[in-house]
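# Next comes the sequence, and after it the predicted model I'd like to discuss.
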Amino acid sequence: MNQHLKMDRPQDDVIGTMAQGVIGTAAPRRDGPVKVTGQARYAAETGTGAEAVGVLVRATITKGRVTGMDSDAVRAMPGVLSVITDKRLLRNPAQGTANAAPVQDPGQVAYFGQPIALVVAETFEQARHAAQGLKVRYAAEEAVTDPFADTTEVERPEAKQTEQGDLDAAMTAAEFSVDSTYTTPAQNSAAMEPHASVAEWDGDRLTLHGSYQMVKYNRNELADSLGIDPANVRIRAPYVGGGFGSKLGIAPEAVAAAIAARDLGRAVRVVMSRPQVFEATMRRSGTRQRVRLAADADGRLTGIGHEARVSNLPDEAFSEPVTMATHFLYAGKNRKYAHEIARVHRTCAGSMRAPGEAVGMLALENAMDELAHAAGIDPVELRLRNIPDVHPENGKDYSSRRFADCLRDGAARFGWSARNPKPGQVRDGEWFIGMGVASAARGNILQESQARVILHADATATVETDMTDIGTGTYTILAQIAAEMLGLPLDSVSVRLGDTDFPPAAGSGGSWGAGSAGSAVFLACQKLRQSLADMLDTDPSELTLRDGTVTSSNTQQSLADLLSEDLTTIGHIEPGETSETMQHAGFGAHFAEVAVNAVTGESRVRRMLGVFSAGRILNEQTARSQCHGGMIFGIGAALTEDMVHDHRDGHIVNHNLAEYHIPVNLDIPQLDVVFLEERDAWANPLQSKGVGELGISGAGAAITNAIYNATGVRVRDYPATLDRVLPGLPDD
Amino acid sequence: MRDFDYARAGSRSDATARAGAGAQIIAGGTNLLDLMKLEVMAPEAVVDITRLDLHEISVVEGGGLRIGALVTNSDLAAHDVVRRDYALLSRALLSGATGQLRNKATTGGNLLQRTRCFYFYDTAMPCNKRDPGSGCHARDGFNRILAVLGTSDHCIATHPSDMAVALMALGASVEIEDAAGDVRQMPLNDFYRLPGDTPHIETVLEQGDLITAVLLPKPVAGRQIYRKVRDRSSYAFALVSVAAVVRMEDGKIASAALAFGGLAPKPWRNAKVESALTGKVPSDDLFGQAADILLADAVGFGANDFKIPLARRTLRAVLRQATEATQ
């Protein structure tokens, strides 16, 4: 009894016609109370405490081979059970949706800090001490670690070097132009919960309690890494303390825990330390980006060029897709893109919140600000003038796009008209004050998802899917969808997530979780409504379900009375032709007011506004939180976050939260978020779009543009720490 | 973390008797425990002094303040007399670390916190401070947070404390009890050593020594300022900090006490800077001359070059604020 939909055609709004009235409301996160009272069990907290404990050992060379290690000395240490150097140990995590094992073999070192062994002991302290004491011998090799050195070899994938028209000619003929190069540093997701796994075997069956975003893929990645049948692997991840992309793919600690547990015949816990999270999970690649803009006398773009260099380890398929938003955001006939991947021996690069847009829009939106200044056109107006009618490269229509409204509405709300267009004019005591704007855009994606919904005979419901809630609100949103469709109070719906025993969903990533898993729940509920209608010999459109009561034409009865047994359905959504026929994206506009200290160059954000059009908002509160989080990431990207690699060996220098500066509460001022009313019939049957990554896209550029407006200092190397602002400030 | 013996000291003499070779005194443990977990420090024995009677703040007869070594940073910052007479100290304390850390960290421990140099913290890196003779990897490495004054070929670490910078400007002394039960006092400035060729020795403390108190002289008149420049608004160590106590008289600077954080391996004070200001009519030129004197021997190592102009600008701004006519 399933309901399947392939998204080949736009879908009418169904959920909006329901009667319960909970969809879209600011329902508080139902996982909140269990989390703040410590009842939610995270991966590292599962088990009885009787588990053996493993600690990963890091390579202390950049490249080469492990030729030996004094394992025996370590095995003789108190409590030590095992030193594992199994060839199946992972070099680095799997890339998101890889669905297969990443590079294995810990004997081959490809970056400083790579896991090369697991020491297992009775207690964490014993394992940690033994891991620290393990003497390792290497045959070291020369390693290239600088992605931007002239001598570093780069790959240029043909499909990503594209050209339309003649950008050089457009630049020559342009009335106004910009040709600037920007850099963005490596970053770390820095999720609060470190990567952690507890592995236990029952015969040939493995259960892994892990901190993962996409368990459907993670199961296959884990099975492939171990060389076992995925049917014998169960992954549970009911609570995940933040992911931001760093927990998309199976990571070294999971495979190590599974191998150790099998070897020892007992459950094993492996939790990464914070430095290990920095060194041995995923970094966001640093980038170097050249942006060229050509415009006519009215500021209308005649050309855009966006050429980027990113980096990754050898044999990694992922490369930061820097120019994603540049393709569809602005008009301009002549366009040129280049994408270079430097193969370097640094920590693996992978997806981190809004891969592509998060860094690409820093450069693009700075360049737009530079163009506005060069042309003497207001930056909001410049953007409005360059909104294309259709996708400027493939001619597709946009599925929904209130981009212009976001810019106009934001400008009005923010008091943009008070901005002095001339930089360096506004002072408040020792502080220069400036305002900046940047566009937001992030592609919207639907992914195949399934969910089971059980309508119980007592008029309650249970939703089951392997979808995860990584702090985003999945538990709450899926309950809202089911409650709305089935006419139940929110409390009557329970939601079970993060278990590969449940129907497979898309997982959390790419901002697609709510729309994809939510659509599966919606479809299952549609089928249940059909069943109820059948019982009453009517059409589902004639049914009104509200607060557990079924109303149909002239009859009304309680749902519990109508039901004699549990009804179970699985909803199944698949992307279809609408993904191809339309350009899908969320849009928005960021406005920032920033103060820059005239003495020290310290920049502090005073207020910030984001206005977004993201289709139907499924939960006003969790969506707002997502945008807040994205904007805070933007503040970090603009001002503080910089994961530094030592120039000699590529090792990550500041691998802790004291020295890798994510913003603290005091760095975050009033953040206002406004959602414009919008429906997107082409996106999914809920008519929603993703918000998890829209909020970060462009956010940092609004801040650096405000720094320019405040001081006249254009920082093109992120982050805009005071040492980069100071040289441009007037002598105090 | 290596196995270690733990002993709770029942008295000062018990503490000093136990604090011999291979032993570390622990109070708040906010820094020591981190370093032990990383095996940057690996004491054979840890002597817990938290039960000793060193928790008092008392006004000394004839003026001045005696701060027990175990007074927490939070309690010290909140103390009425400190807030009234040594406001600079409160401000410095509250600009450091986080509420949780300040609740735990003690006055004595804060003086002894170790550098935040990245290479000191990573046991895979050479570091003369952690592993004497192994070399300094910071000098040619990523040195943005490191020192420009008082460095040596062997070490360019900075001292991370805010509190100690304020104490330095306030003319604090340290009281130390040794294993023989003798008590001595010394100015804070003499307490710290520069790295030279022994960067692993940071203070004049000897085996068996116990810091029992910090002593503040009678409150001095004048405007007190603590200005900390940092990468984020909270929970970040100073890139540059300036502590100032400046007294004006008849439009001239009657006295100036200045100490600096983030610049050197110890809280930095330079008497020549202060004497250049004393008796002078404040002006931007004068402040610039003071900065010239302060930074005459400053040497950057690349990524930290910016600290030199930053220190100049910050000092001038602090002096402007300290000497401006009361509104």
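It's in.
# where does the chain dip in pLDDT?
This is for chain A. Along chain A, the model assigns pLDDT under 70 to residues A:1.
# not quite, I wanted chain B
Within chain B, the stretches with pLDDT under 70 are B:326-327.
# Can you tell me the centre-most residue of it?
B:Ala164 (2.8 Å; C-alpha atoms, centre = their mean).
# Please name the nearest non-neighbouring residue to that one.
B:Pro267 (4.4 Å; C-beta to C-beta, 6 or more residues apart in numbering or on different chains). C-betas here are computed from N, CA, C, even on glycine.
# What is the burial count for the one you found?
29 (other C-beta atoms under 10 Å in any protein chain shown).
# same thing with A:Gln39?
10.
# In contact with A:Phe112, which residues?
A:58-62, A:279, A:345, A:649-652 (C-beta atoms under 8 Å, 6 or more residues apart in numbering or on different chains).
# restrict those to those near chain B?
Restricting the contacts of A:Phe112 to those within reach of chain B (C-beta under 8 Å from any C-beta of the partner chain) leaves A:58, A:60, A:651.
# was I right about A:Gly165 contacting A:Asn334?
Yes. The criterion here is C-beta atoms under 8 Å, and A:Gly165 meets it with A:Asn334 at 3.4 Å.
# quick one, which of these two is more surrounded?
Taking neighbours as other C-beta under 10 Å, A:Gly165 and A:Asn334 compare with A:Asn334 leading, 22 against 14.
# Dihedrals phi and psi, that one?
A:Asn334 adopts backbone torsions of phi -100, psi 120, taken as degrees, to the nearest 10.
# so what's it bridging to?
Beta bridges link A:Asn334 to A:Gly303, judged by DSSP bridges.
# re earlier: need the phi and psi values for the residue nearest to B:Ala164.
Torsion angles, degrees, to the nearest 10, at B:Pro267: phi -60, psi 130.
# That one and B:Asp162 touch, don't they?
No. Assessed by C-beta under 8 Å, B:Pro267 is found out of contact with B:Asp162, at 9.2 Å.
# Name the residues contacting each of these two.
The contact sets of B:Pro267 and B:Asp162 overlap at B:Gly261 (C-beta under 8 Å, 6+ apart).
# B:Gly99 is in contact with B:Ser74, correct?
Yes. Using C-beta under 8 Å, B:Ser74 is in contact with B:Gly99, at 7.3 Å.
# Which of the two has more residues huddled nearby?
For the pair B:Ser74 and B:Gly99, the greater number of neighbours falls to B:Ser74 (18 against 12), based on other C-beta under 10 Å.
# most distant residue from the middle of chain A?
A:Asn554 (48.9 Å).
# For the closest residue to chain A within the stretch 1-150 of chain B, which non-adjacent residue is spatially closest?
In the stretch 1-150 of chain B, the residue that lies nearest chain A is B:Ala124 (4.1 Å; C-beta to the nearest C-beta). Leaving aside its sequence neighbours, B:Ala124 sits nearest to A:Thr60 (C-beta to C-beta, 6+ apart; 4.1 Å).
# Then B:Arg91?
B:Tyr226 (4.2 Å).
# Could I get the buried residue list for the strand or helix carrying that neighbour?
B:Tyr226 belongs to strand B:223-229 when elements are defined using DSSP states H and E. For strand B:223-229, a neighbour-count test (16 or more other C-beta atoms under 10 Å in any protein chain shown) marks B:223-229 as buried.
# out of the residues you listed, who's nearest chain A?
B:Val229 (4.7 Å).
# List the contacts of the closest one.
B:Val229 neighbours (C-beta under 8 Å, 6+ apart): A:600, A:602, A:722, B:238-241, B:262, B:310, B:314.
# and of those residues, the nearest to A:Glu320?
Comparing these against A:Glu320 with C-beta to C-beta places A:Leu722 closest, at 26.7 Å.
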